[in-house]
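Enquirer: Structure for the following, please:
(chains A and B)
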Amino acid sequence: MSDVLIAGGLVVTPDGPMGVDVLVREGIVAEVGESVRRDGATVLDASGAWVGPGFVDLHAHLREPGQEHKEDIVSGSAAAAAGGYTALVAMPNTDPPIDRGHLARFVADRGRAVGLVDVIPAGCISGGREGTALAHLDELWSAGVTLFTDDGDTVADAGLLRRAMEYVGQLGGVIAQHAIDGGLASGGQMHEGPLSSRLGMQGIPALAEEMTVARDLSLVRLTGCRYHLQHVSTAGSAALIAAAKREGLPVTSEVTPHHLAYDDSAVAGTDPAFKMMPPLRSVADMRALRDALRAGDIDAVATDHAPHADHEKDVPFEEAPFGVTGLEWAAAVTNTTCGLDPAAFFERLSVAPARIIGAADHGRLVEPGTPANLVVFDPGRRTLAGSTVSKSANSPHLGSHWDGGVRFTMLRGRLTHTLAGAAAP
Amino acid sequence: MRHLLTTETLDRAAIESLLDSADEFLDVLHRPIPKVPALRGKTVATLFFEPSTRTRMSFEKAAKALSADTMSFSPSTSSLKKGESLKDTVLTIHAMGVDCMVVRHEATGAAWRVAEWVDVPVINGGDGAHQHPTQALLDCLTIRQRFGGLDGLRIAIVGDVRHSRVARSDVFAMATLGAEITLIAPPTLLPLDTTGWPVGTSCNLDDVLTEFDVVYLLRVQAERGGASVFPSNAEYRERFGMTRERMSRLKPDTVVLHPGPMIRGIEIDAAVADDPRCLVLGQVTNGVAVRMSALYHLMGGVPVE
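Expert: Take a look at the predicted model:
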């Protein structure tokens, strides 16, 4: 592998963003400096762009095993690389669900074989995601799982969740919750508000999330287990998480790009590309989520990339499954909606998520000796989300322009994505 | 007007034009040969993905009175049972050659999806708890016949408003024509949030009973959860049913409407249903005329002599 010189970018280093070059050798960042020798190196043009650690997605549904008509680890990895990701956490609500060690190993091995992004399996909290008995937590941990979740469903039984926290806490892992009270959300299709009443659709009140978060935080206080709130959607839950952090509880949270970009008015046309769980909330919620992400009260941006085939989504809104895709445009949508400075941008999209799951090779600010898991992101490039490499096209972002383009993605020194037209080998 | 999907976006002129034509078609329906050749050679398909008899029959009667051919679809006998998607079903029927589709479906927005898929006019025959515009038009026609117009009329809509597409359609059409509307129901059957609706609300029928010119009763929808949304039918009748006793307290010229099917003994007493001030059967006749009008407007029929 020849040396690669990433030249002319604004590089996010431990000492802050600096206009320097980065030399990559043998999959490692070898030199960072102003006049790095370039003899024989392949040069990647990073002028006008930010150079930082590859993005890390805490929340992607790759659908393999079991639902490969929606997505598989090949197509999902390609979408992730195109979005600037070098690692992602694969949600365990597959068929079968990832509740045993060998299943987690299968997912990780497939990811390694594809080689476009490090696929880190999440494990179930409950066996079969049935919410009744603990999954094989230790076995999962030994297979490399650090984040445990029944995502897609909420662990409703407080006793079970408490035991999971006790067990996972002792292992050193993190419990991640998809927090929606099933009773309040029963039959719900969209955010409960004026529009749901107008459309005659059953609503999902903000309280369905906030009540569950409040309960879960009490269990964190009891057990001391690390807790990660998935896809925060309301101002109220963002405030609960912020208060818990001030209290010193070991909690983190993530927000999706779609919750940063849209409010429930997007559902007025009953387009299933805007149907997901939790639903798009009010304008006030959307603004509060942006503020919380800027302030760091929400730690990370996570996609909740949830592919569904055309025939599943091209139906009336109420009959469509929940979930939308977004790996390819997450960074651009975040940049467009929140306007973070480069240090904060990479903190939310890479450093914090890598820290939450303990992915030591990812989320490392750029300095000599770190693995060359890097992204070159051009924040000024106006980009049309025109097509997707995912197997599914159920994205609300498609058809819109966003500020930001992923010019290059590099995994252990190897290019996994090059933007069409970018100067590259 | 390309499609008829909702009353929310119909302006006064559009509604009045539809009602004026309906008046003319009512005359047609009373002729010895109640049929005109306005849509001869055209085909209307009724696609009812949810059980219905009256609305579908009403549309078919309307189409036939305009000399259109009709095709009907019902899910119990269709390829939907074999796993065919809604989209394929719609495209298949469209490919047979139809000039208008009337769609009823249990999901909000279904008629909008169909309108994206085909290039013929679509009439929303009811989508979930959202809209049912021809019902609102026939209700407005019935009230207009009685009172000459809706301006300044006080109309109560009583019952399961939360789950009612009839109510959502009536509210906007009637308000556009100048009526003042009050929604009356137990709290669990009122919409959670009526921001932006031209209505008042009340949870006590007896408090306001004597104020209205029109009392519009909605069906108690057992299929919407029954005891989980209100305690019992008996309790509903006690507080919200149009009993003979309540009927006697209405103003003398107040009329009672109901979209059907009526559940006698719950939301309406038998004696009220059979009272001349209950206009239910007139609504049904007007339904045919209004649907003739809608089909005629959308399908560009030739003028009627």
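Enquirer: Next to chain B, which bits of the stretch 51-200 of chain A? Give me the list.
Expert: For the stretch 51-200 of chain A, the residues in contact with chain B (CB under 8 Å from any CB of the partner chain) are A:189, A:192-194, A:196-200. The way it works is simple: take the backbone N, C-alpha and C, and place the C-beta from them, glycine included.
Enquirer: Reduced to three states, what does residue A:169 come out as?
Expert: Following DSSP: H, G, I helix; E, B strand; the rest coil, the label given to residue A:169 is helix.
Enquirer: Run through the residues that contact it.
Expert: Neighbouring residues of residue A:169 by CB atoms under 8 Å, 6 or more residues apart in numbering or on different chains: A:175, A:223-226.
Enquirer: Please report the distance of the residue lying closest to it once chain neighbours are set aside from residue A:99.
Expert: Leaving aside its sequence neighbours, residue A:169 sits nearest to residue A:225 (CB to CB, 6 or more residues apart in numbering or on different chains; 3.3 Å). Separation of residue A:225 from residue A:99 (CB to CB, to the nearest Å) stands at 19 Å.
Enquirer: same question, residue B:151
Expert: Going from residue B:151 to residue A:99 by CB to CB gives 65 Å.
Enquirer: Looking at those two, which is more packed in?
Expert: residue A:99 (25 against 10; other CB atoms under 10 Å in any protein chain shown).
Enquirer: how near is the more buried one to residue A:180?
Expert: From residue A:99 over to residue A:180 (counting by CB to CB), the distance is 21 Å.
Enquirer: show me where the stretch 201-350 of chain A has helices.
Expert: For the stretch 201-350 of chain A, the helices defined by DSSP state H, counting those that start in this stretch cover A:206-223, A:235-247, A:257-261, A:283-295, A:310-313, A:330-338, A:342-346.
Enquirer: Tell me which of those lies nearest to residue B:164.
Expert: For residue B:164, the closest of those is helix A:206-223, at 24.1 Å, according to CB to CB.
Enquirer: Now do the closest one: which elements does it pack against?
Expert: Counting contacts by 3 or more CB pairs under 8 Å, 6 or more residues apart in numbering or on different chains; DSSP states H and E, helix A:206-223 packs against helix A:158-171, strand A:174-177, strand A:226-229, helix A:235-247.
Enquirer: Kindly reformat the ones you listed as a markdown table containing mean pLDDT and distance to residue B:300.
Expert: Converted to a markdown table, the helices and strands packed on helix A:206-223 look like this (pLDDT from 0 to 100; distance: least, CB to CB, whole Å):
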| stretch | mean pLDDT | distance to residue B:300 |
| --- | --- | --- |
| helix A:158-171 | 98 | 62 |
| strand A:174-177 | 98 | 57 |
| strand A:226-229 | 98 | 56 |
| helix A:235-247 | 98 | 50 |
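Enquirer: okay, the ones you listed in a markdown table with distance to residue A:85 next?
Expert: Shown next, in a markdown table, are the helices and strands packed on helix A:206-223 (distance: least, CB to CB, whole Å):
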| stretch | distance to residue A:85 |
| --- | --- |
| helix A:158-171 | 25 |
| strand A:174-177 | 18 |
| strand A:226-229 | 18 |
| helix A:235-247 | 24 |
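Enquirer: Inside helices: which ones of the residues of the stretch 51-200 of chain A next to chain B?
Expert: A:194, A:196-199 (DSSP state H).
Enquirer: now for those, which pair is the farthest apart?
Expert: Among these, A:194 and A:199 lie farthest apart (CB to CB), at 9.7 Å.
Enquirer: and the two? which has more neighbours close in?
Expert: With neighbours defined as other CB under 10 Å, residue A:194 and residue A:199 compare such that residue A:199 has more, 24 against 19.
Enquirer: ok, the more buried one - contacts?
Expert: A:190, A:267-268, A:270, B:108-109, B:130.
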